[in-house]
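Trainee: Predicted model, plus sequence, below.
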Amino acid sequence: MKSRSWSRKSVLACGIISLLARGAAGAQATPARSPAIVLVDGADAEQWRTWTKDLGWQVIAPAAPAANANIDVRVQALASAVEAAIRSAGVDPARAYLAGRGSAAAMVFYAISRVPDLWAAGIALGGSPKPAADTNRLFAANFTNAPVLWIGESGDQALAEKLKSAGLNLELRLANGITDSDVFQWLAGQKRDEFPAAIDCETNSPTFARCYWIRMTKFDSSERNDVLPSTRVAGGSGAMLDLGAFGYNAGDPGPGVLVSHLPAKYSGPLKMGDRIVALDGKPIQDARQFAETMEKMVEEKAVVAMVERGKDRIRVETRVVIPQRDSAVTARVQAQYSPADREIQIISRTVTEMRVTVPPAWTPARLYWNGLSLENLKTPGCYALKVEKELLHASPCEN
């Protein structure tokens, strides 16, 4: 039986939480460990705790960094909170699910791209991954073992197909056609493996260079490998209005753009229910036209937005801002373990040193890195690898 319409934002989060709660007992790995919902925006934390408290689910909602904090600081805060909860609060490391709603949904995609090996899956309720793609830090490879379920609208299908064509492990379900049991069935099927047999990660930063059982520790842009192309998802101009983070439904029919989500402690000029109906005197027909208009803007400039608030129209002076893009060479590592051949094959680009953790079940095994062979690894543990003058060197990790 279908739940109430998921297109209503008041039901969107509630429907998912209720189904997660009903299925909690079946999803727990052991009685001592519980799954965790990790919120990228803590505004809904109390609601999530209410919906999950009877079934032992934990809700992790890290304190929000300062308003001007770098987005990567937020990702690091999320990762630290999850790791602390795993160590001390009984969270099942195989079942940490990242969740975001409205404008916070983009952060689900961004955080998985930055720290792919911490999550069993991500759930984006409404919103759009486009702001994450516009950072130029969204790498499709990083979703190989961390899928995302995006609950969106019919107008989101074109973007979803574009992302899937780029290799993103994404599934779009329409809000008005999905049931509680459908979502829970999807979520219950996702589980993080500490040592997946196949891994694939790409990064532009040594700070975010972990990939399950491999950590890239030294980069060299001259160490190219054309076998591994970049999986960076191309974004648009990323132009946005300097009105603070606000969310809207990409399929909203208009007139104008309805402000449907504002983050906690929002201090900008907008209010929930406002409609942005014109820019520099030019009417905005609907959300899709607004998105297309912003996409065509490639330089920062002052603009005037006309905001409809009830029966009033308010003139708001603001700016079009263009986010800074990363264009540097990235590093990528792709690896797999073959139990039949007892081999660990690693291919990398721009990486000259790495740490590889080998579990007991994989030894003895022969290790290959970009075609170079190492003698059999006879004992499990962490190995520090580096390539010097076409020779592969391996030694136990110091720490």
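Mentor: Looks like it came in fine. If you're wondering where the values come from, they're calculated on a predicted model, not measured in any experiment.

Trainee: quick check: domain ranges of this protein?
Mentor: 9-192, 214-229+327-396, 240-321 (automatic domain parsing).

Trainee: first to last residue in the shortest one, what's the distance?
Mentor: Counting by Cα to Cα, to the nearest Å, you get 6 Å between the two ends of domain 240-321.

Trainee: What ranges does this structure have for its helices?
Mentor: 9-22, 24-27, 45-52, 71-88, 105-114, 130-133, 157-165, 180-188, 287-295 (DSSP state H).

Trainee: Burial-wise, tell me which of the domains of the chain comes out on top.
Mentor: domain 9-192 (a mean of 19; mean count of other Cβ atoms under 10 Å). Using the backbone N, CA and C atoms, a C-beta is placed for each residue, glycine as well.

Trainee: returning to that earlier point: need the helices of the chain in a markdown table with distance to Pro364, can you?
Mentor: Shown next, in a markdown table, are the helices of the chain (distance: least, Cβ to Cβ, whole Å):
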| stretch | distance to Pro364 |
| --- | --- |
| helix 9-22 | 42 |
| helix 24-27 | 36 |
| helix 45-52 | 44 |
| helix 71-88 | 30 |
| helix 105-114 | 34 |
| helix 130-133 | 42 |
| helix 157-165 | 39 |
| helix 180-188 | 36 |
| helix 287-295 | 54 |
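
Trainee: want to throw those helices into a markdown table with mean pLDDT and distance to Asp312?
Mentor: Converted to a markdown table, the helices of the chain look like this (pLDDT from 0 to 100; distance: least, Cβ to Cβ, whole Å):
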| stretch | mean pLDDT | distance to Asp312 |
| --- | --- | --- |
| helix 9-22 | 45 | 23 |
| helix 24-27 | 46 | 46 |
| helix 45-52 | 77 | 31 |
| helix 71-88 | 91 | 34 |
| helix 105-114 | 95 | 30 |
| helix 130-133 | 88 | 29 |
| helix 157-165 | 92 | 33 |
| helix 180-188 | 72 | 39 |
| helix 287-295 | 84 | 20 |
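
Trainee: now for the ones you listed, which one comes closest to Val387?
Mentor: With Cβ to Cβ, the closest approach to Val387 among the helices of the chain belongs to helix 105-114: 25.9 Å.

Trainee: Nearest to Ala365, out of the helices of the chain?
Mentor: helix 71-88 (27.4 Å).

Trainee: What is the closest one packed up against?
Mentor: strand 34-39, strand 58-60, strand 91-101, helix 105-114 (3 or more Cβ pairs under 8 Å, 6 or more residues apart in numbering; DSSP states H and E).

Trainee: That helix to strand 34-39, inter-axis angle?
Mentor: Helix 71-88 runs at 160 degrees relative to strand 34-39, counting by axes from the mean of the first three to the mean of the last three Cα atoms, to 10 degrees.

Trainee: Done for today, thanks.
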